[in-house]
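Have a look at this prediction, sequence included:
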Amino acid sequence: MTSAGEPATPEEIAGRAGLPLFRVRSSLRELVQAGLIEEKENKYRTTEKGREALQRSPSS
Amino acid sequence: MEEQEQAGLPRLGEPAPQFEAVTTQGPLKLEDFKGSWVILFSHPADFTPVCTTEFMAFAEIYPELKKRNTELLGLSVDSVSSHIAWIRNVEEKTGVKIPFPIIADLNKDVSRRYGMIMPGESRTETVRAVFVIDPDQKLRAMVYYPLTTGRNMNEFLRLIDALQTTDKHHVATPANWKPGEPVVIPPPNTTEMAEERAKEEGLECIDWYLCKKKL
């Protein structure tokens, strides 16, 4: 998953981030609950609310 | 209270009890580990001597476990703040970084599901329990040690190797087996199969019911 909205699976995100899969799954669950990302067919993409949050982020 | 503490032991070969818990690496569910082997282990308390030696030893075997697609997940009834303070202290004093999450089971929810509290040992602390959970989240092995005895890390590596070898090759492993050594093949179930087994070449047999082979 990228800020550009390209959907990615948890496995792909874990590989890119160099994080254990269990941590990625946990974080994705929290981000979905917060409405910042959404899941479809095991692929996650940034929502409009998530993109807005990214734009407000100092590191974006 | 005692009944609650002794909520029963999980059973081998059955689905591992699911949970959601606060850990030093954020909230985690057991289902987050699907696809990996998991060693879920409890220790009595943070900032205690035997537990500190065990944590350093678990951290030492962690790279070997990762090679075996196996994650570690610690647990005690201490708070996350206590866990964090303890692992920071361990790193500061010994240079050993604890790379795996530790559950803060303050309400004893996970401890009870897994039968980690044994009042004969302690009413307030978890014993040294180890649960091996496979990638399908089935409970495959359980080991319990008392408060006084630190666990042997080589045995857990051996246990993971044995279980993975069993799954891959449909064999069993004999006493004191180590990777590379002959494995036990399932005994025959009928007299005909026993006769055939006796004639099979390439096996190391004591008799028809105890045959080993190299993988």
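Nice, I can see it.

which residue does chain B bring closest to chain A?
Closest residue of chain B to chain A, C-beta to the nearest C-beta: B:D32 (4.1 Å). Bear in mind the C-beta positions are built from the backbone N, C-alpha and C, glycine included.

Give the burial count for that residue, as a bare number.
Neighbour count for B:D32, taken as other C-beta atoms under 10 Å in any protein chain shown: 25.

Could you tell me which residues of chain A lie near chain B?
A:20-23, A:25-27, A:29-30 (C-beta under 8 Å from any C-beta of the partner chain).

how does it look with 7 Å?
Residues of chain A lying close to chain B by C-beta under 7 Å from any C-beta of the partner chain are A:20-23, A:25-26.

The chain: helices as residue ranges?
All of this refers to chain A. A:10-17, A:21-33, A:48-56 (DSSP state H).

Correction: the question concerned chain B.
So, for chain B - with DSSP H - the helices run B:2-5, B:49-67, B:80-94, B:109-113, B:153-169, B:191-199.

Pick the most deeply packed of the ones you listed.
Across those, averaging neighbours per residue (mean count of other C-beta atoms under 10 Å in any protein chain shown) puts helix B:109-113 on top, at a mean of 19.

Can you tell me which helices and strands it packs against?
If you count contacts as 3 or more C-beta pairs under 7 Å, 6 or more residues apart in numbering or on different chains; DSSP states H and E, helix B:109-113 packs onto no helix or strand.

per-residue confidence averaged over that helix?
In this model, helix B:109-113 has an average pLDDT of 96.

Could you give the bridge partners of B:A104?
B:S76 (DSSP bridges).

For it, give me its contacts.
Going by C-beta atoms under 7 Å, 6 or more residues apart in numbering or on different chains, B:A104 touches B:22-23, B:78-80, B:83.

which parts of the helix-or-strand element of chain A with minimal mean pLDDT are buried?
One helix or strand of chain A scores below all others by mean pLDDT, DSSP states H and E: helix A:48-56, with a mean of 91. Neighbour-count burial for helix A:48-56, counted by 16 or more other C-beta atoms under 10 Å in any protein chain shown, picks out A:50, A:53.

Next to chain A, which bits of chain B? Give me the list.
So chain B meets chain A at B:25-28, B:32-33, B:35, B:71 (C-beta under 7 Å from any C-beta).

List only buried entries from those.
Judged by 16+ other C-beta under 10 Å, buried ones among these: B:25, B:28, B:32-33, B:71.

The residues you listed into a markdown table, with extra columns for distance to B:R113 and pLDDT?
Converted to a markdown table, those look like this (distance: C-beta to C-beta, whole Å; pLDDT from 0 to 100):
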| residue | distance to B:R113 | pLDDT |
| --- | --- | --- |
| B:Q25 | 20 | 97 |
| B:L28 | 15 | 98 |
| B:D32 | 16 | 98 |
| B:F33 | 15 | 98 |
| B:E71 | 18 | 98 |
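
from the residues you listed, which ones fall inside strands?
If you go by DSSP state E, these have B:28, B:71 in strands.

For the buried ones among the residues of chain B next to chain A, work out which two are farthest apart.
B:Q25 and B:F33 (12.0 Å; C-beta to C-beta).

hey, which of the helices of chain A is tucked in deepest?
Ranked by mean neighbour count under mean count of other C-beta under 10 Å, these are led by helix A:21-33, which reaches a mean of 18.

got the angle for that one vs helix A:10-17?
110 degrees (axes from the mean of the first three to the mean of the last three C-alpha atoms, to 10 degrees).

my guess is B:L12 meets B:L139, correct?
Yes - applying C-beta atoms under 7 Å, one finds B:L12 in contact with B:L139, separated by 5.7 Å.
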